[in-house]
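*Asks:* need coordinates for the below:
(2 chains)
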Protein chains: 2
Amino acid sequence: MPAELIKGAEVAKLIREELKTEVDELRDKHGITPALVTILVGENPASLSYVTAKNKTAHELGFHSTQDNQPEDISEADLLELVDKYNNDPQIHGILVQLPLPKGIDETKILYAINPDKDVDGFHPVNVGKLMIGTAVFLPCTPAGIQELLIRSGTETSGAEVCVVGRSNIVGKPITNMLLQKAPGANATVTLVHTRTKDVPAHTRAADILIVAAGVPKYVKGDWIKPGAVVIDVGVNRIGKSEKTGKAILAGDVDFDEAMEVASKITPVPGGVGPMTITMLMKNTVKAAKLGAGLL
Amino acid sequence: MPAELIKGAEVAKLIREELKTEVDELRDKHGITPALVTILVGENPASLSYVTAKNKTAHELGFHSTQDNQPEDISEADLLELVDKYNNDPQIHGILVQLPLPKGIDETKILYAINPDKDVDGFHPVNVGKLMIGTAVFLPCTPAGIQELLIRSGTETSGAEVCVVGRSNIVGKPITNMLLQKAPGANATVTLVHTRTKDVPAHTRAADILIVAAGVPKYVKGDWIKPGAVVIDVGVNRIGKSEKTGKAILAGDVDFDEAMEVASKITPVPGGVGPMTITMLMKNTVKAAKLGAGLL
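*Replies:* The predicted structure is shown next:
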C-alpha cells in the first residue's frame, strides 16, 4: 500500500481559515488589526516573489500589511534606523526582513536589532533561546509548520524515535529542540544527523518520524526508511526545467517514488512543508498582535 | 582493564592556573581586574556553601569578588533594582544570582533582567539562543565543563555517536546543542533521551560518548554501556551517610563499579564534572572582563 500524502497545502488552508476567524474576532471585539511589515532590500527576484506571497496572504487574512522596498545600496545604519522606526511604531505588530541582504550589510546585526516582541520569523536569539528552554513565544516558521503537520496528521510524537537530517539554524536545530521538549506535540527521542555523521542510513532506518532538511535532491533512498515511518521532506531543489512549460522541476531531499513504497505517510514536494511556512508566519503575526494588546 | 579516570579536579586545577596567568596579564598590561558579584537571597545552607566556594575561587584567581547577601524577604522589585544597579556598574563584569530564590520571587524574571553581557552563568535566553545558533558567548558552566573534559581527555567528538541522558535546561539540552555544532570539540551525532524515551538502554549502548544527567543514582548499569565508551557522569546523589565521619555518601547517575569494567574512560563522582563547574564560571568572568574592555 503506498504511503498516505500529508498535504501541507490543504492543512495550511485550514489553518488560514482558523486564523481568519481569529482576525475577524480581534477586529470586531477589540478593534485590533494585525499589522505586518516586510522589508525588502534590493530586487532579488526570488526574494521579491517571497515577500509578495507573504503580503498577499496577509491581505487575504485581513491584516494591515506593508511591503517596504529599499534600494540595494541602503547603508547598514539606515536599515538599522528603519528597523528601529518599526520597533517603536505601536501600529506594527510583526517585522520581517527578507533575507539574504546585500553584501556589506551584517545580516546578524539587522536581525538582532528587531524587537523580539515583533520578531515573527523567530530568528532573534531571545526567541531561539526561549524555544530551547521550552518557553517559546514565536517559533520559527518552517519548523512550526512541520510540527503542525505531525499533529494534524495524527502522528504520535511522544516516545517516538525521530531522526532529523541536517543541522541548519532555520530547520534542523530548531525542530530538534522543539520535538525533544516536555510538551504536547513533542516528547520525542531525537537524533540529529549531519555531514559529519558516520552512518546516516543507520539512523534514518531507526526513525519512526524522519525529517529531512539536507539540501541534497533525493538524498534519502527508499531503503533508508523504516517501513511504516512518517517522512517529512523539507527539501526544495530545482532539478531541471520542463520542456513543455518552461517551469522548474522540483524534487525534495527524499527519493519520493521509493519512499512512497515504504513510508506510512509522506509530505510531497511541492505542496508539503512549503505552504505551511507562510501560514505559520501569519499565525505568529496574529500572536504578536494579541501579545501587544495584552490579550495573551 | 579498568577504565581510565577523567579527573575533573585535576583538569579544573590546570584551567585555573591558565586563568591565573590570564588574570595577571590583564592586570599588568591593561589595568583590569575581573570582578564578579554573587547575589545570595536568604540563608539556604547549600546555596551559602555554593556562593562561598565561588567567591573563594574568584579570590584565589585574583578577581574582585563580592558576595551580596540579601534578606529572605526582599521584594522582587528590590531584587530587580539590585540587579540593575550591577548591570549599570562598569566595575562589575559578571553577575550571578544564586538559585533557588525564595517563593514569591519569579526566578525567570530575575535571570532575564541580568545584562546578557554580564550573564556569566549563561542562562539568559539571549545567551541560550546564541549557543543554539552556534555563536555562543557565555556557555553554561556545567556543559562547558563537560566539553572541556572531553577535549582535554583526548576524546574525539567529531563523528562520534553521543547519547545524552536527561533533558534539563542546565545540562542535557545545552550539551546536546553544543556537541552537534559544526565546531571544534563538537561535530558529534547526538541523541537526547529522557523519561519519555521508549528504550533508553538501546540508545546508551550505541554511544561512543555517554553523558548522564538523569538525577537518579546508579541509573545507568554496566551493560547499558558500549565497551570502550567514554562516560561522563553529571549526577551527584546523596545515597547515605558515613557512620564513621557523618559525611554524605555520594553516588553518580552511573553504576560506577560496573561502568569501570566496560568504559574506556569515566568521570568519578565526586571529583569529576563537579569541580569543573565553578572553574568555567571563572573562565566566563574573565571573558566578560575582556569583552567589556574591548579586548575580544
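*Asks:* so residue A:206 is in contact with residue A:163, correct?
*Replies:* Yes: with contact defined as C-beta atoms under 8 Å, residue A:206 reaches residue A:163; the gap is 6.9 Å. C-beta: built from backbone N, CA, C; applies to glycine.
*Asks:* which of these two has more residues huddled nearby?
*Replies:* residue A:163 (28 against 19; other C-beta atoms under 10 Å in any protein chain shown).
*Asks:* quick one: common contacting residues for residue A:206 and residue A:163?
*Replies:* Counting by C-beta atoms under 8 Å, 6 or more residues apart in numbering or on different chains, the contacts common to residue A:206 and residue A:163 are residue A:191.
*Asks:* write out the residues of chain A neighbouring chain B.
*Replies:* For chain A, the residues in contact with chain B (C-beta under 8 Å from any C-beta of the partner chain) are A:108, A:124-135, A:158-159, A:161, A:167, A:169, A:173-174, A:176-177, A:180-182, A:187-198, A:203.
*Asks:* for PyMOL, write a command that selects the buried ones of these.
*Replies:* The following PyMOL line selects those of the residues of chain A next to chain B that are buried, judged by 16 or more other C-beta atoms under 10 Å in any protein chain shown:
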select buried, chain A and resi 124+125+126+127+128+129+130+131+132+133+134+161+167+173+174+176+177+180+181+187+188+189+190+191+192+193+194+196+197+203
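*Asks:* narrow the residues of chain A next to chain B to those in strands?
*Replies:* Among the residues of chain A next to chain B, DSSP state E puts A:161, A:189-193 in strands.
*Asks:* contacts only, for the spatially most central residue of chain A.
*Replies:* Nearest to the mean C-alpha position of chain A, by C-alpha atoms, centre = their mean, lies residue A:142 at 1.5 Å. By C-beta under 8 Å, 6+ apart, the residues touching residue A:142 are A:170-171, A:234, A:273, A:276-277, A:280.
*Asks:* cool, and residue A:97?
*Replies:* Counting by C-beta under 8 Å, 6+ apart, the residues that residue A:97 touches are A:39, A:41, A:83, A:110-111, A:114, A:121.
*Asks:* partner residues bridging it?
*Replies:* Residue A:97 has these beta-bridge partners by DSSP bridges: residue A:39.
*Asks:* do the same with residue A:210
*Replies:* residue A:163, residue A:231.
*Asks:* correct me, but it touches residue A:225?
*Replies:* Yes: with contacts counted by C-beta under 8 Å, residue A:210 reaches residue A:225, the gap being 6.3 Å.
*Asks:* need the residues touching each of those two.
*Replies:* What both residue A:210 and residue A:225 touch, as defined by C-beta under 8 Å, 6+ apart, is the set A:204, A:231.
*Asks:* off-centre distance for stretch A:175-192?
*Replies:* Stretch A:175-192 sits 16 Å away from the centroid of its parent chain (C-alpha atoms, centre = their mean, to the nearest Å).
*Asks:* for stretch A:81-99, which positions count as buried?
*Replies:* By 16+ other C-beta under 10 Å, the buried positions in stretch A:81-99 come out as A:82-83, A:86, A:92-98.
*Asks:* quick check: end-to-end length of that stretch?
*Replies:* End-to-end distance for stretch A:81-99: 18 Å, by C-alpha to C-alpha, to the nearest Å.
*Asks:* any idea of the mean pLDDT for it?
*Replies:* Average pLDDT, stretch A:81-99: 97.
*Asks:* and that stretch, how far from the chain's centre?
*Replies:* 20 Å.
*Asks:* again with stretch A:211-220
*Replies:* For stretch A:211-220, the distance to the chain centre is 16 Å (C-alpha atoms, centre = their mean).
*Asks:* what about residue A:104, how many neighbours?
*Replies:* Residue A:104: 10 neighbours (other C-beta under 10 Å).
*Asks:* if we can go back for a sec, pick out the most distant pair among the ones in strands among the residues of chain A next to chain B.
*Replies:* A:189 and A:193 (13.7 Å; C-beta to C-beta).
*Asks:* and which of the ones in strands among the residues of chain A next to chain B is nearest residue A:291?
*Replies:* Closest to residue A:291, out of all of those and judged by C-beta to C-beta, is residue A:190, at 28.4 Å.
*Asks:* isn't there a helix covering residue A:280?
*Replies:* Yes: if the criterion is DSSP: H, G, I helix; E, B strand; the rest coil, then residue A:280 is within a helix.
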